[in-house]
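A.B. asks: show me how the following folds:
(one chain, ligands or ions: 3)
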Amino acid sequence: MVQSSILGFPRMGANRELKKATEAYWADKLSQEDLLKEGKRLRAEHWKIQKDAGIDIIPSNDFAYYDHVLDHIQLFGVIPERYNKNNLAPIDQYFAMGRGLQKPDQGIDVPALEMVKWFDSNYHYVKPTLQDNQVFKLSESPKPVVEFKEAKEAGITTRPVLLGPVSFLALGKADRGQSIDPITALDKLLPLYEDLLKQLKAAGAEHVQIDEPILVFDLEEKVKDAFKPAYEKIGALGDAAPKITLATYFGDIVHNKDVLKNLQGLHAIHVDLVRNPEQLEEVIGALGPQQTLSAGVVDGRNIWKVNMQKAIEAVETAVQKLGKDRVIVATSSSLLHTPHSLDAEKKLDAEVIDWFSFAVQKVSEVAIIAKAVNEGPAAVREQLDANAKSQKARAESKRTNVAEVKDRQQKVTEQMHNRKDPFPTRIAEQEKRLNLPKFPTTTIGSFPQTKEIRIQRNKFVKGEITAEEYEKFIEKEIQDVIKIQEELDLDVFVHGEPERNDMVQYFGERLDGYAFTQNGWVQSYGSRCVRPPIVVGDISRPAPMTVKESKYAASISKRPMKGMLTGPITCLRWSFPRNDVHQSIQAQQLALALRDEVVDLEKAGVYVIQVDEPALREGLPLRAGKERTDYLKWAVDSFRLATAGVENGTQIHSHFCYSEFQDFFYAIAALDADVLSIENSKSDAKLLKVFVDEAYPRHIGPGVYDIHSPRVPSEQEIKDRIAEMLQYLKPEQLWIDPDCGLKTRGWKETKAALTNMVNAAKYFREQKA
Ligand SMILES: CN1c2c(nc(N)[nH]c2=O)NC[C@@H]1CNc1ccc(C(=O)N[C@@H](CCC(=O)N[C@@H](CCC(=O)N[C@@H](CCC(=O)O)C(=O)O)C(=O)O)C(=O)O)cc1
Ligand SMILES: N[C@@H](CCS)C(=O)O
Ligand SMILES: [Zn+2]
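C.D. replies: Numbers count the residues shown, from 1 in each chain. Ligands and ions are numbered 1, 2, ... in the order given. Now for the predicted structure:
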């Protein structure tokens, strides 16, 4: 029989209970015991949802209090010494690695480990950070074993999920000042996997899911070569270990077919057939004679209802070749990237809600597809008919065919992508207008989103206060942040984004062609969640979206005010995009809407405009090739189309909050932004060398401190950082700013950090005068 399986379930809970519990714990408002109890309750609830839906293979160890890669860091003892010094309880050490810990009264001050994008998703993982003489040590009560037993006690035999040894190492890095190439530590790490697998088997686990998602990348030979010895060793455990399903997702693995050849001893291989349905035949051909295919046909990354007919056809193709006992119906990836359930959505338009499927619904979809294949379509006729009807309605909906939007796209010319003059002419005009000092200081846009702001917005959304009352409140917030920026003596001000719930959702809510949810939360990192808006049709801007707040802020500010927009690619990437038209079309529609906004801001007297594109890099197809080249063209074009409508004297900024910009330098340069701010504080300043090597002529503000942690950087630390940057960048190019927006921070640490930042900038201003 074909079995049904889920690769992972969202952790936060139907009402973000996990977020609330962890944040309460951090604020000393919940005991450790109660936090752990809440985790246990959530796990049980999620297993039950899957069991009740009839899923055969239910995951465990997919739950994490902060991040599953961080779980493995602690599981294998990859804990840099600085986190061992303060005798922290395991859970506190875990959070210290995830988010840093500063307790001056106890002499504790450790920054967080680096956190980066999980493949091309909006989820972030904590990077394993290794030492040259790395010693691995399996934790005394390994989490995967504990959670397997917990599920078993609740009457559910699960398939534990582990991140595989090759991916764990390849996704890691050497600690600062260390030079280890993580993959060389494989031999030392493998015995811990062996031990863990034996413990899982002894606890009763018959199957284990080992994720090796790096197989979707173009791999260096040494990483590719690591698979064979790793899985031979693990495979040699035979019956002493559970049977292994090796899972890949977010891409195809055909280019690594030679690796698959060495994995034929494993029980099953999982592939993502939503992203790359065309890999099915080749992967089947590469399987060993006994091997099972886990067919990922229900999308773990988007919210569209599965097309049952197509999914069933793919599974049937596999069944014809392999037989029912060697095929598993599965989600394409973990459902971590989808919201919990549609049941909470009370305000979605009836037309569009019928097109969506969140995690709980996707679990049912997997079960239905398996049933259709096992028992024939008649067994699920009603569900299949309803699904076909919904697919048809979406394809024929007016929302997906708006003539005015299509006409405007037809009329886009090449010239619309270019500023009037090149940078030297522009910057001269901008300098005259803005009159900024050397090493200008600015922030990235948002200031702390205080509890009070959220409460007021919540009241407004619920109709408990009027639009005027809310508007007054926002104006007062803007006044306050302007006053604070004056006191801090920053050079280019921002209005603080108090009116925005999120930098993407806010725009989604103001654009036609979008739907947005009440409770569609998805984990972004740690306890932080986002509610991605959903692109349901052709996009256009019915009215200005940000002009009122920016104009007001500019009118009461003595310094230049920076208008703040989210770029077309980031809007697209951090939304749930349509899957019925190419993303380049959606990006161009967004670009045209933003172009109007940029021009309207300029008309309103806002002469510095930042268009954030932090997701530009994340959208890059994971492998080199035509798809990547094409992406770079349409992604860069969409930014240029959005920003090129302004005069020379209007300064366009863009912001990128990730550090791996090396391989992406040309795209960033091609945006032709006058000023770039880039996350950089946790990376080696050496990375900035690319700007020198490529003779980058425009202005740059590499972040001087990390904003993800409440830790306050000292003035000296920031000065050291700036001095490092000046080894690579010219003084007249350099802007001083934090890594990213400050919305997640509290005011106390924000003021302290920015005071140190401004003082450090002033020090260099005097030095270089
Ligand atoms: C910059 N980043 C972003 C990414 N993706 C985005 N879509 N947005 C981003 O900013 N990706 C990369 C990075 C890092 N990621 C994040 C992600 C999320 C946050 C964050 O602070 N999230 C908040 C939620 C923000 C939000 O939408 N707030 C709403 C609703 C707030 C809320 O929970 N309201 C309560 C009631 C009010 C109360 O009592 O507090 C409720 O509904 O129950 C709003 O402000 O109106 C989070 O808390 O997780 C940061 C960086
Ligand atoms: N302007 C946004 C950018 C975040 S990437 C902010 O400051 O929050
Ligand atoms: Zn950012």
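
A.B. asks: going forward, measure contacts between C-alpha atoms and count neighbours the same way
C.D. replies: OK.

A.B. asks: give me the distance between residue 457 and residue 466.
C.D. replies: Taking CA to CA, to the nearest Å as the measure, residue 457 and residue 466 are separated by 11 Å.

A.B. asks: now swap in residue 586 and tell me
C.D. replies: 34 Å.

A.B. asks: show me the contacts for the residue nearest to the spatial centre of the chain.
C.D. replies: By CA atoms, centre = their mean, the chain has its centre lying nearest to residue 122, at 1.6 Å. Listed by CA atoms under 8 Å, 6 or more residues apart in numbering, the contact set of residue 122 reads 524, 573, 574, 618.

A.B. asks: and those, which is closest to residue 641?
C.D. replies: Within those, the smallest distance to residue 641 is 17.4 Å, found for residue 573 (CA to CA).

A.B. asks: among the contacts of residue 122, which one lies nearest to residue 93?
C.D. replies: residue 524 (21.0 Å).

A.B. asks: show me where the stretch 451-600 of the chain has helices.
C.D. replies: Shown for the stretch 451-600 of the chain, the helices assigned by DSSP state H, counting those that start in this stretch span residues 451-461, 467-488, 505-508, 547-555, 568-573, 583-603.

A.B. asks: could these go into TSV alongside distance to residue 76?
C.D. replies: As requested, the helices of the stretch 451-600 of the chain are arranged in TSV below (distance: least, CA to CA, whole Å):
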stretch	distance to residue 76
helix 451-461	37
helix 467-488	44
helix 505-508	38
helix 547-555	49
helix 568-573	33
helix 583-603	40
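
A.B. asks: can you redo these as TSV with mean pLDDT, mean neighbour count and distance to residue 64?
C.D. replies: Putting those into TSV (pLDDT from 0 to 100; neighbours: other CA atoms under 10 Å; distance: least, CA to CA, whole Å) gives the following:
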stretch	mean pLDDT	mean neighbour count	distance to residue 64
helix 451-461	97	15	26
helix 467-488	98	17	36
helix 505-508	97	22	25
helix 547-555	98	19	39
helix 568-573	98	27	24
helix 583-603	98	22	32
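
A.B. asks: can you give me the end-to-end distance of stretch 502-510?
C.D. replies: 12 Å.

A.B. asks: pull the distance from that stretch to the chain's centre.
C.D. replies: The chain centroid and the centroid of stretch 502-510 are separated by 16 Å, computed with CA atoms, centre = their mean, to the nearest Å.

A.B. asks: close to ligand 3, is that stretch?
C.D. replies: No. Stretch 502-510 stays out of contact with ligand 3 when judged by CA under 5 Å from the ion, the minimum separation being 9.7 Å.

A.B. asks: does that stretch come close to ligand 1?
C.D. replies: Yes. Contact of stretch 502-510 with ligand 1 (CA under 6 Å from any ligand atom) involves 502, 503, 504.

A.B. asks: what does that stretch contact?
C.D. replies: Stretch 502-510 is contacted from outside by 500, 514-516, 530-534, 541-543, 545, 565-566, 570-571, 574-575, using CA under 8 Å, 6+ apart.

A.B. asks: mind listing the strands for the stretch 351-500 of the chain?
C.D. replies: Secondary structure of the stretch 351-500 of the chain (DSSP state E, counting those that start in this stretch): strands at 493-494.
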